[in-house]
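**Q** sequence? don't have it. structure:
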């Protein structure tokens, strides 16, 4: 019972809220004395970025600071990593939850799973998920619906905190499709064959409608063709004027999609699944753009003394999945990456770091979240790089960005500064084992153990609760405070859990938090690293 209560409380504390401080500032800013990665493979070792009215006005080693600018300096001590400014990341696939359409909301003669005219509106704005993206350094995203077979149009938006009305860049991009959804019970379609047939028939109807209306315009004397509501929205995608984006469930689904959409007018893109490397020969014959998830499988849980019944196929996938991005590019297939499928957007860095270790070129990795999605979305003149005329979408980080735990301190969206962390040099060494008590309010107290190891500037650790050992996503020491984050997926949910502990000798006190509430944390150190080695 206590485990259930604790899990319930943790699920109510998911999704780390950034310590974002939206500051009223002038419209002119100068980030000076910083290293600038203007684009993949292009670096200014020391220079300035000038921002005016949300747009980058100047960038370079000799960029002059306007007299009306607010100057942002980043003094560094010897031995500290430089402050580096990167272009804001671009999320090429952010599916958002739509409610099931009411029966009376579906036009006569059309299936409820067919919604090609559906558009994302201001009321659909996923504020918490946008905040998570912004905290992770994503400054632009393509949002799309996640329900149905034909799911409607996507919306390109920035990730500022003022809602869709202010952040929207394009209200109609792409047409999103999947073969995965089914009707309930014995209704049609309740099988893959039925789903494919319904999508095919709908597209054929849309083509016929466009041709029939064109014929009538050429010869108004003929009978007026029947108009099927919503199908006109498919015409731009069928004509190749906007991409048709299929979400693939597995390798067979990808091959099915490639056969379903033959080469021709349609500008096809596929949201992948991570196993493309298994049939690269077939995919390379027709190099369709892929949006790759980075949800690499975890190592199989094989403990000594237990039956080793993990299949060879599962072991191979665990070993080879991190090579998928590199092998996709080597095969000549255009690629972008998405945080879709991860418990928290910030996990994209650790996964990219693993992919780089397994052969992905670092510049190609950065391009996959900046210049490549910018080009695909038609934003190459506005986003994905740091140069004059671009939107002032920036990431400020201590050191390199594409590491397992990048120290992102600021994210700028449309020239608005969002301070995520203001770290001080470590003033304590919290390494060791800490016995904690998590105060869950009306649900009581739960005991936990926090194990921290390594130097204060590069710590790792594990939180153990009720026999559930969860590795920490990130541990940072700022002054006398320890800031740790945990993947909420470890507890059956999504998002990130945050714990903040103030260290006072051998005692600690602090809090944990999520968007739905907070819980208290208190405890003391029961063992130091030296004590543990002696044991």
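**A** Here it is on my side, so go on. Keep in mind the model is a prediction, meaning the values are calculated, not measured.

**Q** Could you use CA atoms for every contact and neighbour count after this?
**A** Will do.

**Q** What ranges does the protein have for its helices?
**A** All helices of the chain, identified by DSSP state H, fall at 2-11, 127-135, 164-167, 192-218, 235-238, 251-260, 280-284, 312-320, 324-330, 347-357, 362-367, 371-376, 529-534.

**Q** looking at those, which is closest to residue 415?
**A** Of all the helices of the chain, helix 164-167 sits nearest to residue 415, with 12.2 Å by CA to CA.

**Q** any idea how far that closest one is from the chain center?
**A** Offset of helix 164-167 from its chain centre (CA atoms, centre = their mean, to the nearest Å): 19 Å.

**Q** per-residue confidence averaged over that helix?
**A** When pLDDT is averaged along helix 164-167, the result is 94.

**Q** if we can go back for a sec, which one of the helices of the chain has the lowest average pLDDT?
**A** Per-stretch mean pLDDT for the helices of the chain is lowest at helix 2-11 (a mean of 45).

**Q** can you tell me which residues contact the residue nearest to residue 38 when sequence neighbours are not counted?
**A** Counting by CA to CA, 6 or more residues apart in numbering, residue 38 lies nearest to residue 386, which is 4.5 Å off, once chain neighbours are set aside. Listed by CA atoms under 8 Å, 6 or more residues apart in numbering, the contact set of residue 386 reads 37-39, 56, 59, 86-87, 392, 394.

**Q** Give me the below-cutoff pLDDT ranges for the stretch 351-500 of the chain.
**A** By pLDDT under 70, the weakly predicted segments of the stretch 351-500 of the chain are 421-423, 441-443, 487-496.

**Q** all strands for it, in order.
**A** Shown for the stretch 351-500 of the chain, the strands assigned by DSSP state E, counting those that start in this stretch span residues 394-398, 407-413, 416-419, 432-439, 445-453, 460-465, 468-478, 481-487, 496-504.

**Q** Tabulate those (TSV), appending distance to residue 265 and mean neighbour count.
**A** Output for those, formatted as TSV (distance: least, CA to CA, whole Å; neighbours: other CA atoms under 10 Å):
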stretch	distance to residue 265	mean neighbour count
strand 394-398	36	24
strand 407-413	35	24
strand 416-419	40	22
strand 432-439	58	20
strand 445-453	56	19
strand 460-465	51	19
strand 468-478	44	19
strand 481-487	42	22
strand 496-504	42	22
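
**Q** I'd like those as TSV, with distance to residue 367 appended.
**A** Supplementary listing: the strands of the stretch 351-500 of the chain in TSV, determined by distance: least, CA to CA, whole Å:
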stretch	distance to residue 367
strand 394-398	15
strand 407-413	18
strand 416-419	23
strand 432-439	39
strand 445-453	34
strand 460-465	29
strand 468-478	24
strand 481-487	26
strand 496-504	26
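
**Q** between those, which gets nearest to residue 298?
**A** Nearest to residue 298 among the strands of the stretch 351-500 of the chain is strand 468-478 (12.1 Å), distances taken as CA to CA.

**Q** between the closest one and strand 407-413, how many degrees?
**A** Counting by axes from the mean of the first three to the mean of the last three CA atoms, to 10 degrees, strand 468-478 points 80 degrees away from the direction of strand 407-413.

**Q** So in that sheet, which strands flank strand 468-478, and in what orientation?
**A** strand 460-465 (antiparallel), strand 481-487 (antiparallel) (DSSP bridges).

**Q** for the nearest residue to residue 414 once chain neighbours are set aside, what are its contacts?
**A** Counting by CA to CA, 6+ apart, residue 54 is the residue found nearest to residue 414 once chain neighbours are left out, at 4.5 Å. Residue 54 makes contact with 27, 391-392, 413-416, according to CA under 8 Å, 6+ apart.

**Q** same thing with residue 523?
**A** The contact partners of residue 523, taken as CA under 8 Å, 6+ apart, are 434-437, 507-509.

**Q** Reformat those into JSON lines and put distance to residue 468 next to each item.
**A** Converted to JSON lines, these look like this (distance: CA to CA, whole Å):
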{"residue": "434", "distance to residue 468": "16"}
{"residue": "435", "distance to residue 468": "15"}
{"residue": "436", "distance to residue 468": "14"}
{"residue": "437", "distance to residue 468": "15"}
{"residue": "507", "distance to residue 468": "23"}
{"residue": "508", "distance to residue 468": "22"}
{"residue": "509", "distance to residue 468": "22"}
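
**Q** And this protein, split by domain according to the record?
**A** Following the assignment in automatic domain parsing, the chain carries domains at 2-18+425-534, 21-88+388-419, 115-180+234-281+289-299+312-376.

**Q** To residue 215, which of those domains lies closest?
**A** For these, the distance to residue 215 is smallest for domain 115-180+234-281+289-299+312-376, at 15.4 Å, taking CA to CA.

**Q** Relative to the whole chain's centre, how far out is the closest one?
**A** Between the mean C-alpha position of domain 115-180+234-281+289-299+312-376 and that of its chain there is a distance of 9 Å (CA atoms, centre = their mean).

**Q** Show the end-to-end separation of it, please.
**A** Looking at domain 115-180+234-281+289-299+312-376, the gap from its leading to its trailing residue is 24 Å under the measure CA to CA, to the nearest Å.

**Q** Tell me which residues touch the residue minimising distance to the centre of the chain, please.
**A** Nearest to the geometric centre of the chain sits residue 339, at 3.0 Å (CA atoms, centre = their mean). When the contact criterion is CA under 8 Å, 6+ apart, the partners of residue 339 are 91, 93, 293-294, 345-348.

**Q** Looking at these, which are in strands?
**A** Assigned to strands by DSSP state E, the following of the contacts of residue 339 qualify: 91, 93, 293.

**Q** By neighbour count, which of these wins?
**A** residue 91 (29 neighbours; other CA atoms under 10 Å).

**Q** you'd agree that residue is up against residue 142?
**A** Yes. The criterion here is CA atoms under 8 Å, and residue 91 meets it with residue 142 at 6.3 Å.

**Q** which residue sits farthest out from the middle of the protein?
**A** Here the centre of the chain is the reference, and by CA atoms, centre = their mean the most remote residue is residue 221, at 53.4 Å.

**Q** Quickly list what residue 396 is bridged to.
**A** Residue 396 has these beta-bridge partners by DSSP bridges: residue 85, residue 410.

**Q** Look up the closest residue to residue 241, ignoring the ones flanking it.
**A** Using CA to CA, 6+ apart and skipping residues adjacent in sequence, the residue nearest residue 241 is residue 267, 7.6 Å away.

**Q** which ones are touching the one you found?
**A** Residue 267 makes contact with 237, 240-244, according to CA under 8 Å, 6+ apart.

**Q** Kindly provide the distance from it to residue 115.
**A** From residue 267 across to residue 115, the span is 20 Å (CA to CA).

**Q** Kindly report the same for residue 181.
**A** From residue 181 over to residue 115 the distance is 12 Å, taken as CA to CA.

**Q** okay, the two: which has more neighbours?
**A** Ranked by neighbour count (other CA under 10 Å), residue 181 and residue 115 place residue 115 first, with 26 against 17.

**Q** That one and residue 152 touch, don't they?
**A** Yes. With the criterion set as CA under 8 Å, residue 115 and residue 152 qualify as a contacting pair; they are 5.6 Å apart.

**Q** overlap in contacts of those two?
**A** The contact sets of residue 115 and residue 152 do not overlap (CA under 8 Å, 6+ apart).

**Q** give me phi/psi at the residue nearest to residue 414?
**A** Residue 54 has phi and psi values of phi 80, psi 0 when expressed as degrees, to the nearest 10.

**Q** per-residue confidence at it?
**A** The confidence metric pLDDT takes the value 96 at residue 54.

**Q** Pull up the gap between it and residue 397, please.
**A** Shown here: residue 54 relative to residue 397, a distance of 20 Å by CA to CA.

**Q** Show me the one of the strands paired with strand 468-478 that comes nearest residue 420.
**A** Between the strands paired with strand 468-478, strand 481-487 lies closest to residue 420; by CA to CA that is 12.4 Å.
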